[in-house]
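> Model the following, please.
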Amino acid sequence: MSLTWLSCFNFSLPAHAATAAEGQSSIPPRGALYQVSDGRHSLLLFGTIHVGAPDFYPLEPRLTRALSAAPVLALELDPDNGAAMQNAVQRYALYPDGQRLQDHLDPALAQRTLATLERLGLPLQAVQHMRPWMLAMALTVQEYGRHGYRTDLAVDSHLAHAVRAHGGEVVELESADRQMSLFSQLTEAQQAEFLADTLRELNDAALSRKLDLLVTAWRHADSAGFATALKDMRQDDSFATRFTLKTLLQQRNPGLAKGVADLLRQHDGAVAAIGILHLVGPDSVPLLLKKTGLQVKQLY
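Predicted coordinates for the structure are as follows:
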């Protein structure tokens, strides 16, 4: 399931803050929420999804209150740091002038790519400077959009707006350069395979079910649903899914855990928020934090 990378990798661009829905008498929990403590300071660790929809908001009161008082919010990336993202895209995701995507694909994959672009109403000229992995990501974002999930309503943006509204600080646990550089590990053949896997999934009749299962699990704070999504990924032998598991999840989890632990030492009452699949499984961020001696309690 390569499309699940939007719950573990923050393809962030500048976005307007989500507007909270009004008049909800009972606000359910979303995602997953942990309390992390070292005996002196405590923080909340929240599992996000890097897209959104109007009915995601408002978030439940416990998290909302914490955001309204948090001195610092730590995100994978600051959604308002668009310049850094654009620089990283230019450095890692686009071909130099004079090179085109279609010249780096074998004829069969080039034909499949063109057919998909035509079906989605995307002109080749708009994407021909993208490297194959970048096009795969762009098509995934568009597919989420076709199902009603929007990057301009991403949970990260909502959280950042809530903290900045009272003068709190937003810091990054990673950087756009660090995230984009992960894809520079891919050879041209692997990039083509990543794109081919994504095209195959976009043409999968069961895609709507896959998307909705993951987002529905987030909407309802369904821990069993997240575990099922991760289990399905481990059973999927496509290159894109193996890369997502090994590089976008496992390789990044220790650094994210260290960032959360450092935040805890420096501040009391902070909030950290990372993609929900970083909070699931035997090498998850909560378990890595526990191994350092911190107290970690799942609230939902």
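
> When you work out contacts or count neighbours from here on, use the C-alpha atoms and nothing else.
Will do.

> List of residues touching the helix or strand containing Leu45?
Using DSSP states H and E, Leu45 maps to strand 42-48. With contacts defined as Cα atoms under 8 Å, 6 or more residues apart in numbering, strand 42-48 is touched by 7, 31-37, 66, 155-156, 218, 264, 268-279.

> Only alpha carbons, please: show that strand as PDB.
The C-alpha trace of strand 42-48 is given here as PDB (Å, rounded to 0.1, in the frame of the first residue of the first chain):
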ATOM      1  CA  SER A  42       5.200  16.000  30.300                       C
ATOM      2  CA  LEU A  43       4.000  16.500  26.800                       C
ATOM      3  CA  LEU A  44       1.300  15.100  24.500                       C
ATOM      4  CA  LEU A  45       2.300  13.100  21.400                       C
ATOM      5  CA  PHE A  46      -0.400  13.100  18.700                       C
ATOM      6  CA  GLY A  47      -0.700  10.900  15.600                       C
ATOM      7  CA  THR A  48      -1.700  12.900  12.500                       C
END
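
> Check the offset of that strand from the chain's centre.
Here strand 42-48 is found 15 Å from its chain centre; the criterion is Cα atoms, centre = their mean, to the nearest Å.

> Within the sheet, what are the partner strands of it, with directions?
Strand pairing for strand 42-48, determined by DSSP bridges: strand 32-37 (antiparallel), strand 270-275 (parallel).

> pLDDT of the first one, averaged?
Here strand 32-37 scores 98 as its mean pLDDT.

> Need the residues that contact that strand.
With Cα under 8 Å, 6+ apart as the contact definition, strand 32-37 has outside contacts at 42-48, 218, 221-223, 264, 276, 279, 286, 294-300.

> which of those residues are buried?
Those of these that meet the buried threshold are 42-48, 218, 221-223, 264, 276, 279, 286, 294, 296, by 16 or more other Cα atoms under 10 Å.

> got the residue ranges for the strands in this structure?
Applying DSSP state E to the chain gives strands spanning 32-37, 42-48, 72-75, 169-172, 270-275, 295-298.

> hey, C-alpha coordinates of the fourth one in PDB?
Output of strand 169-172 as PDB, limited to C-alpha atoms (Å, rounded to 0.1, in the frame of the first residue of the first chain):
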ATOM      1  CA  GLU A 169       6.300  28.400  18.800                       C
ATOM      2  CA  VAL A 170       6.300  25.800  16.100                       C
ATOM      3  CA  VAL A 171       9.500  23.800  15.600                       C
ATOM      4  CA  GLU A 172      10.500  21.100  13.200                       C
END
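
> Just checking: what are the partner strands of that strand?
According to DSSP bridges, strand 169-172 forms sheet pairs with strand 72-75 (parallel).

> For the partner strand, which outside residues touch it?
Contact partners of strand 72-75, identified using Cα under 8 Å, 6+ apart, comprise 67, 156, 159-160, 163, 168-174, 260, 263, 267, 270-274.

> Apply 7 Å and report the result again.
Here strand 72-75 makes contact (Cα atoms under 7 Å, 6 or more residues apart in numbering) with 163, 168-173, 270-274.

> Quick check: ChimeraX command selecting the buried ones in those residues.
In ChimeraX syntax, the buried subset of those is picked out as below (16+ other Cα under 10 Å):
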select :163,168,170,171,172,173,270,271,272,273,274
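
> Of the contacts of strand 72-75, which pair is most distant in space?
Spanning the widest gap among the contacts of strand 72-75 are Gly168 and Ile274, at 18.0 Å by Cα to Cα.
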